[in-house]
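A.B. asks: sharing a model that was predicted from the sequence below.
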Amino acid sequence: MPELPEVEVTRLSFADRIQGARIASVRMGKPLRWPLGCDPAQLHGRTVLEVRRRGKYLLLDLDPGLLLLHLGMSGSLHFASQQPAPGAHDHCDLATSQGVLRLHDPRRFGAVVYADSQEAPAAVKLLGHLGMEPLGDGFSLPNFYAGLQARKTAIKQVLLAGEVVVGVGNIYASEALFIAGIRPTLPANRISRPRAAKLHAAVRDVLARAVLKGGSTLRDFSNAHGESGYFQLEAMVYDRRGEPCRVCGTPIQSMRQGQRATYFCPQCQKR
């Protein structure tokens, strides 16, 4: 599943090119997770002001209105001056004066949703529960620590839930916990403030490095240029079960948490 770094990399790969473009037409294919929320023809003639990101959603600010895009489990966006005829898994084409933005989504868990504004009910329903942005100035240690203290769930699950901090997906949660030296099963409210500070810094560091590496491509992720990411090649623990820890040499272990694979070093992450 594309996580925050992959979504941010996607945004960076086409945001400047589509900014200021005028929408000529919108083609919707097979139904996605949620309906568009308006007649596609109503978007014709509107201008794309900018492309932002909130968690794993891309927000296309229009004049007027807002499009919220989500890549789902296997989706990707591709922006080009021209696109070939749409295939069976090409579910949305946003044709503009500067190119065509296409959503390709084999599993159809992605979404393209229109809202009048970010305060409209359709947008609040999708964005209103999201936690702090880990790469933004608003990711404060006091609020992060307070959020952990209010939760008794295992810290890995708290990170994945997205209510304290948003966008720390499975790969990056495992990596950040390793860097911070915290066992994934430790209840969040048992993490001391000094250790929360290490985790806070680790989350920011891991996600920022992932963006610089173009995200992680485990199966079929690519940005809007069609380029893959390479962060997974330098992972410390993720998908390295049985391999020696890059720090202490102890074999990396794995377990299941909430139906997701968790990777950790039993020596570097004793507690």
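C.D. replies: Received it, and whenever you're ready, just let me know what you need.

A.B. asks: does anything pack onto the helix or strand harbouring residue 11? Which helices or strands?
C.D. replies: Per DSSP states H and E, residue 11 falls inside helix 4-18. Taking 3 or more C-beta pairs under 8 Å, 6 or more residues apart in numbering; DSSP states H and E as contact, the helices and strands that helix 4-18 lies on are strand 47-54, strand 57-63, strand 76-80, strand 99-104, helix 193-212. Where C-beta positions appear, they are placed from N, C-alpha and C, glycine not excepted.

A.B. asks: take the ones you listed and lay them out in a markdown table including mean neighbour count and mean pLDDT.
C.D. replies: Below are those laid out as a markdown table (neighbours: other C-beta atoms under 10 Å; pLDDT from 0 to 100):
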| stretch | mean neighbour count | mean pLDDT |
| --- | --- | --- |
| strand 47-54 | 17 | 97 |
| strand 57-63 | 19 | 97 |
| strand 76-80 | 21 | 93 |
| strand 99-104 | 22 | 96 |
| helix 193-212 | 18 | 93 |
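
A.B. asks: out of these, which is closest to residue 16?
C.D. replies: Closest approach to residue 16 among those (C-beta to C-beta): strand 47-54, 8.6 Å.

A.B. asks: relative to strand 99-104, how tilted is the closest one?
C.D. replies: 40 degrees (axes from the mean of the first three to the mean of the last three C-alpha atoms, to 10 degrees).

A.B. asks: strand 47-54 vs helix 4-18, what angle?
C.D. replies: 170 degrees.

A.B. asks: strand 47-54: how far from the chain's middle?
C.D. replies: What separates the centre of strand 47-54 from the centre of its chain is 16 Å, taken as C-alpha atoms, centre = their mean, to the nearest Å.

A.B. asks: just stretch 99-109 next, same as before
C.D. replies: 16 Å.

A.B. asks: the closest residue to residue 271 other than its chain neighbours: what secondary structure?
C.D. replies: Spatially, and ignoring its direct neighbours in sequence, residue 271 is nearest to residue 183 (5.5 Å; C-beta to C-beta, 6 or more residues apart in numbering). Three-state assignment for residue 183 (DSSP: H, G, I helix; E, B strand; the rest coil): coil.

A.B. asks: make a markdown table out of the helices and strands packed on helix 4-18 and add distance to residue 155.
C.D. replies: Formatted as a markdown table, the helices and strands packed on helix 4-18 follow (distance: least, C-beta to C-beta, whole Å):
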| stretch | distance to residue 155 |
| --- | --- |
| strand 47-54 | 24 |
| strand 57-63 | 24 |
| strand 76-80 | 30 |
| strand 99-104 | 34 |
| helix 193-212 | 8 |
